[in-house]
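**Q** sequence below, structure please.
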Amino acid sequence: MGKAAKSIFVWGIYLVAIGSLLLLIPNFMLSLFGFQATNEVWIRVLGMVVVALGYYHIQAARSGLFPFFRWSTQGRAFTVVCFIAFVALGLAKPTLLLFASADFLGALWTGMILRTSQA
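**A** Residues are numbered from 1 along each chain as shown. The predicted model follows:
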């Protein structure tokens, strides 16, 4: 597994971990980041989607799907922009930026590897 694939694989593990917590014990995760507890099913639905995204990343890494690596990097950059906008517009607490920082660092890691491998 190359460096880019490893970065995607690690990102997939991160997504599976975060998604599993949201799926199984959502209020624990919400409280860690200062968000209000909920009994709504939507936070668990989000957890399920995040686990599925993690699975896609893990499988793409194992298969060496370089186009997916680029798409993932672009998608994570988009996520960062959206999270910053949500906080700036007062729609979310600044603690959401902790997730944005993980997305930013992960995208930066993969993006730098992809850039150097193309040079």
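
**Q** report the separation between Val16 and Ala37.
**A** Distance, Val16 to Ala37, by Cβ to Cβ, to the nearest Å: 23 Å. In short, each C-beta sits where N, CA and C put it, glycine included.

**Q** and what of Val49?
**A** Taken as Cβ to Cβ, the span from Val49 to Ala37 is 20 Å.

**Q** who has more neighbours out of these two?
**A** Val49 (14 against 10; other Cβ atoms under 10 Å).

**Q** ok, and the closest non-adjacent residue to that one?
**A** Gly19 (7.3 Å; Cβ to Cβ, 6 or more residues apart in numbering).

**Q** now Ala77
**A** Ala107 (5.2 Å).

**Q** can you give me the neighbour number for that neighbour?
**A** 21.

**Q** show me the contacts for it.
**A** Ser72, Thr73, Arg76, Ala77, Val80 (Cβ atoms under 8 Å, 6 or more residues apart in numbering).

**Q** looking at these, which are in helices?
**A** Ser72, Thr73, Arg76, Ala77, Val80 (DSSP state H).

**Q** give me the buried subset of those residues.
**A** For the ones in helices among the contacts of Ala107, a burial check counting by 16 or more other Cβ atoms under 10 Å picks out Ser72, Thr73, Arg76, Val80.

**Q** that older thread, for Phe9, see how far away the residue nearest to Ala77 is.
**A** In terms of Cβ to Cβ, Ala107 sits 15 Å off from Phe9.

**Q** and if you look at Asn27?
**A** 29 Å.

**Q** between these two, which one's more packed in?
**A** Phe9 (17 against 14).

**Q** so which strand or helix has that one?
**A** helix 3-24 (DSSP states H and E).

**Q** equivalent analysis for Gly90, please.
**A** Here Gly90 is assigned to no helix or strand, by DSSP H and E.

**Q** can you pull the contacts of it?
**A** Counted by Cβ under 8 Å, 6+ apart, Gly90 has zero contacts.

**Q** next: Lys93.
**A** Phe33, Gly34, Phe35, Val87.

**Q** in CSV, list those along with distance to Gly111 and pLDDT.
**A** Putting the contacts of Lys93 into CSV (distance: Cβ to Cβ, whole Å; pLDDT from 0 to 100) gives the following:
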residue, distance to Gly111, pLDDT
Phe33, 25, 79
Gly34, 30, 80
Phe35, 29, 84
Val87, 23, 95
